[in-house]
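Colleague: Structure of the sequence below:
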Amino acid sequence: MALAVCLLFDPRTDRLIRELWARLEQRGIRTLESHTHGRHLPHLSYAVLLEWDVGLVRTVMEDLPDKGGFEVSFQGTVAFPRGRAALAPAVPADVAARQEAVAAAVIEAGAVLHRHYGSGRWVPHVSLATRATGASLAIVVKEVADILPLTGTVNRAALVDSSTGQTWPLPGVP
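Modeller: Okay, the predicted model is just below:
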């Protein structure tokens, strides 16, 4: 599958996203709550890697400066191809520069970066549904609209293996 450099949320934001996942699941829409191994964390990915050496990636991530946590403001829903639906957050201006630094660092470590995380291609999002099309997409949009406005806090970061759910906490937030 993939290794991701993930931004993780404070307990309140994590709980609110998990509650949204649960409401969607109750409506018959598959979310990260039930996807694959079921150990997914609410997250915002800086980078998704297709090939990697976890030791080298950990080293370059630990060498990046801790820029600290930040607040996000969720503005709505974004729909991606193949039925992927996500929360669309507005992020502080420097977060795009942080993401580019992370992408450059993992490439420097020899990792193969997914094309959607390359320079100028990153779309910040927090995954919700894995296969929402047609009528189910309308349900996702309504459920998201019902909880807006919503602010959240990124307060930590980790490497996450999406195939197993294994997590390696990072010492700061790059």
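Colleague: Quick check: buried residues in whichever strand or helix holds residue 58?
Modeller: In this structure, residue 58 sits in helix 54-63 according to DSSP states H and E. Going by neighbour count (16 or more other C-beta atoms under 10 Å), the buried part of helix 54-63 is 57, 60, 61. Placement of C-beta: from N, CA and C, glycine included.
Colleague: now swap in stretch 38-45 and tell me
Modeller: 40, 42, 43, 44, 45.
Colleague: out of those residues, which are inside strands?
Modeller: 43, 44, 45 (DSSP state E).
Colleague: Setting aside sequence neighbours, what's the nearest residue to residue 95?
Modeller: Sequence neighbours aside, residue 70 is the residue nearest to residue 95 in space, at 6.6 Å (criterion: C-beta to C-beta, 6 or more residues apart in numbering).
Colleague: Test of understanding: give the bridge partners of that neighbour.
Modeller: Beta bridges link residue 70 to residue 154 when assigned by DSSP bridges.
Colleague: burial count for it?
Modeller: 16 (other C-beta atoms under 10 Å).
Colleague: Thought residue 152 was touching it, still the case?
Modeller: No. Counting by C-beta atoms under 8 Å, residue 70 stays clear of residue 152, with 9.8 Å between them.
Colleague: Next, give me the two most distant ones among the buried residues of stretch 38-45.
Modeller: The two members of the buried residues of stretch 38-45 with the most space between them (C-beta to C-beta) are 40 and 44, at 12.8 Å.
Colleague: tell me the SS of the residue nearest to residue 44 when sequence neighbours are not counted?
Modeller: Leaving aside its chain neighbours, residue 44 sits nearest to residue 7 (4.3 Å; criterion: C-beta to C-beta, 6+ apart). Under DSSP: H, G, I helix; E, B strand; the rest coil, the three-state class of residue 7 is strand.
Colleague: Do a quick rundown of the strands in the protein.
Modeller: Counting by DSSP E, the strands of the chain are 3-9, 43-51, 70-80, 84-90, 112-113, 126-129, 150-161, 167-169.
Colleague: In TSV: those, plus distance to residue 17 and mean pLDDT.
Modeller: Output for the strands of the chain, formatted as TSV (distance: least, C-beta to C-beta, whole Å; pLDDT from 0 to 100):
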stretch	distance to residue 17	mean pLDDT
strand 3-9	7	98
strand 43-51	9	98
strand 70-80	9	96
strand 84-90	7	96
strand 112-113	25	98
strand 126-129	6	96
strand 150-161	8	97
strand 167-169	16	98
